[in-house]
Every structure is written in C-alpha cells, then in structure tokens.
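Enquirer: Below is the sequence, then the predicted model.
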Amino acid sequence: MFRRSLCFLLIIFLSLPTTVSAYIPTPEENELLTTIERDTLQYFIRLSDKNTGLTRDSSRTGSPCSIAATGFALAAFAIGNERGWITKEYAYGRILSTLKVLKEKAEHQNGFFYHFLDARTAKRVWASEASSIDTALLLAGALLAAQYYPGTEVETIAHELYRRVNWRWMMNGSKFICMGWTPESGFLPYYWDSYNELMLLVALAVGAPENACPPSTWHDWLRPEGNYNGHRVIFASSGSLFTYQYSHAFIDFRGLKDQGNDFFENSREATLANRDFSMSFSEKHKGYSENSWGLSASVGPGGYKAYGALPGGAIHDGTIAPYAALSSLPFTPELSVAAVKFFHKSYGKSLYGNFGFKGAFNLDKMWCADEYLGIDQGISLLMLENFLNDGAVWKKFMALDAIKKWRAVTGLTTAPRETVSPGLSSGAATQAASPLPQ
Amino acid sequence: MRAKIAPEDFIMTGNRRRRFFINKPLQVRYMFAVAIPLLLICCTAMFGFYLGIWGGVLGAFTDEEMRNDMLTASRMVEYEQARYQPSKPSFSVLSLFRETDKLSQRQQEVLQGILNETNRAILWKLLLLLAFTAWGSIFISHKIAGPLYRFSKVFNEVEAGNYRSRIFLRKGDEGHPVARELNEALETTDRLLSDLKNALRDPNQAQALARIKEKLDRIKTSADV
C-alpha cells in the first residue's frame, strides 16, 4: 500500500509541468500591496470628472484629461467593485456615464479619440492628436469593464465604441498602424513598426470585429534583439520599462508563442536588464540600489522623459519611477516586492500619498515628484490586481472575442503553462498560493 | 609792420578736413583709451538691463495660472518627445540663469526662444554701438590730433625760417588759448625780425646799427650768459 502510494505521488510529481521558482508574498507584503492597490484606486475616484467621467492626466492643477488614463479608470472602477472597495452602483454608474460621454460627446476621428480632452466638454485640447495607442488603452479599459458587467449597457456601449474604430484608416495605406492624426497636419510621420507597448494596440486592431487590420500588421513589426548583462531582450527603442508592461496589463502572454518568442519571458528579462543597468550606475547615482530601481518614462527634475536602460535607449539621470518596479510584479515578484517595500519604508513620507506612489524621485537632486500620473497609477493598479488576484484582469480580457480572434488569425500558439498555481485571492495570503513565476 | 599771411599758408581752408586720420598712432591710442572704457560701461549697463529683464520674465512665470498653463504645455511637448524622438540636452545660454533648471523642458524652450530673440536684438544694437563708439572716438581724437598736427607743421616752418606762419584752428578744436599765445609770440618775433631787416636797409649805417642794437638789447639769448 505504502509503495503504491509512493509510486502514485511520484507519478503525480513527474507529470506536473516544469515550474519556475515561485515567490510567495508574506501576509505583511500582501497587505501592503493590497493597500497600495486600494489607495491607487483613489486617483481615479478623485480625479475623474463627476459629470463626464474623464480622468485627468495628472494630479497637477490645470492638467487636462487623458483618454489613456480614462481607460485605466474604467478598468479600475470595475476592479474596485470586484474587490469590494466601492459599491456596484457607484462603479457601474461611473463606468456607464463615462462610456456614454465617450460615445456621444467626446471628440474623435474615425473612432480614434484625441489624446487630451477637456474635462467638462470632452473636446480636444492642446492641439493633441487622435492617438492610436491611447485609444487602444481606453478601449482595453472599456472592454475589460464590459467583461465585469456582462449583458449590461456597459458591455453594449463598450463594444459599440470598439466597433466604430476604423483601424484600417489609421494604417494610412502602410503596413503599420500610424501613431496618430491631427486635423492640422493629417497623419503623424510615426508608425508602430517596432517592439514596444504596441502589442495591445495591434491585438485590438487585428481582432476587431469591423475594419480590422490584417494579420500581417501583427507579424511585420520589428522584433529587434539586444543583450545586456546576459539578458537577451526583444527591446523597445526607449528602453523604458513601461513598454514591456502595458500590453501585459491586459493580455496574458504566459505560454503564448509568437514566432518562437515568449513575450512574458521577454518582459521578465527586460526587467532584470533594467535593474542590472541601474545597479551598474549605483556609485554614480544615489537613488540606484538593489532595491531601488525602475528606469521608465516618468516625470523627473527636468520634466517628463522617456527614461530607460539598455538594451535600447538609456536615458537616465538618477530618477526612479516607483511604478516601474511595481508594475513588473508579475515578471519579477520577489525583486519587485522588495523594491516596493523599500520605496514605501524608506521614502514613503514624501513619495507615498493618498493616491499611492507619486511619479518619481531623484536623490541626487533631492527631488521628489509632487504629482501622480494617471497612466502610472493605472498600470500599477492593473498589475497589482493581476498579481494579487490570480491574474483576474488577464482572465477577463483573454476571454474577449477580439482577443480570441487575434490569437486565431495570427497563429499564436499556446505552449504548456509553466505555472499552474492557483494564485492569491484577495486578502488570502496563504503560503501555498503562488500566483506567478519569479 | 605786421606781416600778411597768404591764403596758401593756411593749413586748411574752410572748416572741413579731408583726412580723418591726421595722426594715426595718436588717434588709435586715443580711440582705445576712449572706446574700451565706453564699451565696458555700455556692456555692464546692458548686462544689468539683461538680468533685470530676465528677472522680470522669470518672475512672471511664478504667476500661478501662467505657470500651470506653461507646465501643461510643456508636459504635452515632453510626452511627444518621449514617444517620438528623445532629445539630448545641449548647452544653452539659459544655463546662465540657474533657476531655469527648475523649469520643465517646454518652459526652457519658451525661455530659450525669448532669450535668442533678445540676444539677436541686442547683438545688432551692440554692433551699432561699436560703430558709433569708433566714429565718436575718431571724431573726438580728431579735435586733438588736428591742432597737434598744425602746431607741428608751423614749428617746422618756423625752423625753416618762415616767421609768417600762424596757427589756425577749427572752431571746436582743442588748444585755442595755446595757439593764440603762440601766434602772439610768433607775431612778436616776426615783428622784431622785420624791424631788424628794415634797419639794415637804412643808408645811414651808424643809425642803422644803433637801431639794431636797441632792438637786440631788449631780447635775451644764450649769448647773454
């Protein structure tokens, strides 16, 4: 009997898929991360217009509304409701009113919204462009919210907004999707033709029910490879960490094989390279250390810059954006948790506020941002939700018909999952539950 | 008898000079002596104005509403630059104003634009000032170099035996009192020598000798020592 049981257990053990070493957050860490997620939600509650629902780009006075931040807000309200932090009436009401404004009032061109809108009128401001990537982030948030409220008006309007986008028009007769269009100058001379945050945009464009881009739009963009400190990365030209995170906030790339590439693993390698890069400058910049890393586009002492690391552009001046390490939680949980704890413990007094972590800090210049950015808070919240709540966002988003279509037409194959662990549920910091690979 | 001066003996006819550089080394030295301090004063004053103007401009940026607008505008541009073309920082005149380090990229661009425009406006004014200074120093030095030249020329003529030469200066030239005294001295000497010459023409030699002696007794020379 004992021998048979032993053999049975051995067979079970051998039949398990190869697992990557998993990190199990302690109850204290779990509590801290949950607190951060809940506080971050406050950004969207407080800084979204009460009438239009449009969310401000930044907490800074005078900031216009950003459609990308609004997309994150739609997702955040649904998640907040799911987590029990806000009521269904409140969340659903805010999402529905925002979607109605987007459908009926917000200025757009062929379904593409202008990057910045006036909070009260939903009209274009600051001569901004009808932006393809920001529209994609908005639609991703809307479609995600629709998944939380199936069979409701929210779902109906979200899909209407998605359907009315003419993705082919934004290709401007080229192989790639253009970055934007303005009434004054027409199409911008920039296209999404190389790896960066484009994957979410192209996935939605290819998977769209109407006026979809051809599958070649997915296959044709460049996948440049680079290597830093032993980390092989298909890299973005800026080297900014956010480029490896945005698409992953919604799309679960784990196990998806694209021309032999694993973009989840790629983001993990990019995160490690980014950390290694900043650590190599730790003697030059006081703010860089093993637990203080994250070079990504953010505000800095000299304005907003696309900070980044090798491989790719490596603009850096000692400025660290806390959201960067935090949003890599699914890729490098142990390192990211350590960084988040360090930021919170060491600099929390000036770096952490009512809406979570502020934009960035720079110890060399004794500078700390006094503002929060909507997109930084958005990516933080979604990545926290995926990490803490068993990939909840991924599960909802991957179930969309558009995503299924994108996977089907592009031939993205599914490799055996490397992790099968059930994941953490809200507040359940059990040692047995390990959500993601390290 | 007073000697008459022929028109050709005038160093200059009328009140105009044909040549501006009468004594070039002296005038050039004078130009530097005048022009450099003048330029230094002008530059110091302009720099003071410059700082004052920029202090005002920067002060205006502290206005909250304008500051917010500038920040938002700058953020829009920074977003575009971050997304499309990361730009590398380069040295600019703005680095003279350290407070601009605190401003965002867009604000620095706006200030840089104003600064460049101001610099261009000041540059051609500075060139104009330089030309005026050069012209002014030539004009002023001319009023000194001209008289000196005339003094020198008259002395040479006297040395050559022409005691009818006189110094004539233009209105506005320096050295009028000295020229007047020298002309009086020349006139006295000319009159003495004329009297001596007239005495020599006297057929009565004894009387002529007495007249000459009388004239020479009044003057003192090295021979009297």
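Expert: Thanks, I have the structure now. Predicted, not measured: the structure shown is a model, and the values here were computed from it.

Enquirer: Show me where chain B has its strands.
Expert: For chain B, strands defined by DSSP state E do not occur.

Enquirer: what's the domain layout of it?
Expert: With domains defined by automatic domain parsing, chain B comprises B:20-164, B:175-219.

Enquirer: how about those, which one is nearest chain A?
Expert: domain B:20-164 (3.3 Å; Cβ to the nearest Cβ). Bear in mind the C-beta positions are built from the backbone N, C-alpha and C, glycine included.

Enquirer: pLDDT (mean, whole number) over the closest one?
Expert: Averaged over domain B:20-164, pLDDT sits at 77.

Enquirer: Now find how far off-centre it is within its chain.
Expert: 19 Å (Cα atoms, centre = their mean, to the nearest Å).

Enquirer: who in the stretch 51-200 of chain A is up against chain B?
Expert: Within the stretch 51-200 of chain A, the positions adjacent to chain B are A:57-58, A:60-64, A:115-116, A:126, A:128, A:179, A:188, A:190 by Cβ under 8 Å from any Cβ of the partner chain.

Enquirer: If we use 10 Å, what do you get?
Expert: By Cβ under 10 Å from any Cβ of the partner chain, the residues of the stretch 51-200 of chain A that approach chain B are A:57-58, A:60-64, A:66, A:115-116, A:125-129, A:131, A:133, A:179-180, A:188-190, A:196-197.

Enquirer: Which of those fall within helices?
Expert: Using DSSP state H, residue A:133 are the members of these that sit in helices.

Enquirer: which among the residues of the stretch 51-200 of chain A next to chain B end up buried?
Expert: Buried members of these, counted by 16 or more other Cβ atoms under 10 Å in any protein chain shown: A:57-58, A:60, A:62-64, A:66, A:115-116, A:125-126, A:128-129, A:131, A:133, A:179-180, A:188, A:196-197.

Enquirer: quick one: the helices in chain B?
Expert: Assigned by DSSP H, the helices in chain B fall at B:24-60, B:64-83, B:105-159, B:176-200, B:205-217.

Enquirer: so which of those is the most packed in?
Expert: Of the helices of chain B, the one with the most neighbours on average (mean count of other Cβ atoms under 10 Å in any protein chain shown) is helix B:64-83, at a mean of 18.

Enquirer: helices or strands next to that helix in the packing?
Expert: Helix B:64-83 sits against strand A:116-117, strand A:298-300, strand A:303-305, helix B:24-60, helix B:105-159, with contacts defined as 3 or more Cβ pairs under 10 Å, 6 or more residues apart in numbering or on different chains; DSSP states H and E.

Enquirer: Same list (those) but as JSON lines, adding distance to residue A:222.
Expert: Output for these, formatted as JSON lines (distance: least, Cβ to Cβ, whole Å):
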{"stretch": "strand A:116-117", "distance to residue A:222": "29"}
{"stretch": "strand A:298-300", "distance to residue A:222": "25"}
{"stretch": "strand A:303-305", "distance to residue A:222": "24"}
{"stretch": "helix B:24-60", "distance to residue A:222": "45"}
{"stretch": "helix B:105-159", "distance to residue A:222": "28"}
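
Enquirer: Spatially nearest residue to the residue nearest to the spatial centre of chain B (excluding sequence neighbours)?
Expert: Centroid-nearest residue in chain B, with Cα atoms, centre = their mean: residue B:137, separated by 1.4 Å. Leaving aside its chain neighbours, residue B:137 sits nearest to residue B:31 (4.0 Å; criterion: Cβ to Cβ, 6 or more residues apart in numbering or on different chains).

Enquirer: Confirm for me that the one you found is in contact with residue B:133.
Expert: Yes. Judged on Cβ atoms under 10 Å, residue B:31 makes contact with residue B:133 at a distance of 8.6 Å.

Enquirer: and the residue nearest to residue B:137, how far is that from residue B:23?
Expert: Residue B:31 sits 12 Å away from residue B:23, taking Cβ to Cβ, to the nearest Å as the criterion.
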